[in-house]
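In: model this:
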Amino acid sequence: MQPVDDRILELFREHGNLTPAAVEEFGGPSSSHASRRCKQLARYGLLEQIVTGLYTITEEGEAYLDEELDASELKATSETS
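Out: Numbers count the residues shown, from 1 in each chain. Below is the predicted model of the structure:
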């Protein structure tokens, strides 16, 4: 996890389904950086890719933000998005 990941996840919780460009527009990192982080967060199950470039927060992502899930316990999937 990187410090910016919390901000990205908070934006998804607040605004729902987002693209990396929307993350940037809502005050997150640049869309290119958000795109890389969204892919990584999806690999760890905190976000889910709905269609190419569109993500939503998962129950695990919500639990992480609520401090009910320790990110160090997450395992990456072998999928690449």
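In: Can you name the residues that contact Val23?
Out: Counting by C-beta atoms under 8 Å, 6 or more residues apart in numbering, Val23 touches 8, 11-12, 29, 31, 34, 38. Backbone N, C-alpha and C define where each C-beta goes, glycine included.
In: Please apply the same query to His33.
Out: For His33, the contact set (C-beta under 8 Å, 6+ apart) comprises Val4.
In: wait, is it part of a helix?
Out: Yes: if the criterion is DSSP: H, G, I helix; E, B strand; the rest coil, then His33 is within a helix.
In: Now the contacts of Val23 in TSV, please, with extra columns for secondary structure, neighbour count and pLDDT.
Out: Conversion of these to TSV gives the following (DSSP: H, G, I helix; E, B strand; the rest coil; neighbours: other C-beta atoms under 10 Å; pLDDT from 0 to 100):
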residue	secondary structure	neighbour count	pLDDT
Ile8	helix	27	97
Leu11	helix	20	98
Phe12	helix	26	98
Pro29	coil	18	96
Ser31	helix	17	96
Ala34	helix	25	97
Cys38	helix	27	97
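In: Most widely separated two among the residues you listed?
Out: Taking C-beta to C-beta as the measure, these reach their widest spread between Phe12 and Ser31, a distance of 14.5 Å.
In: coming back round to it: now the contacts of Val23 as JSON lines including distance to Lys75?
Out: Shown next, in JSON lines, are these (distance: C-beta to C-beta, whole Å):
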{"residue": "Ile8", "distance to Lys75": "20"}
{"residue": "Leu11", "distance to Lys75": "24"}
{"residue": "Phe12", "distance to Lys75": "21"}
{"residue": "Pro29", "distance to Lys75": "24"}
{"residue": "Ser31", "distance to Lys75": "27"}
{"residue": "Ala34", "distance to Lys75": "23"}
{"residue": "Cys38", "distance to Lys75": "18"}
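In: Pick the one among those residues closest to Ala71.
Out: The shortest separation between Ala71 and any of these is 13.0 Å, and it belongs to Ile8 (by C-beta to C-beta).
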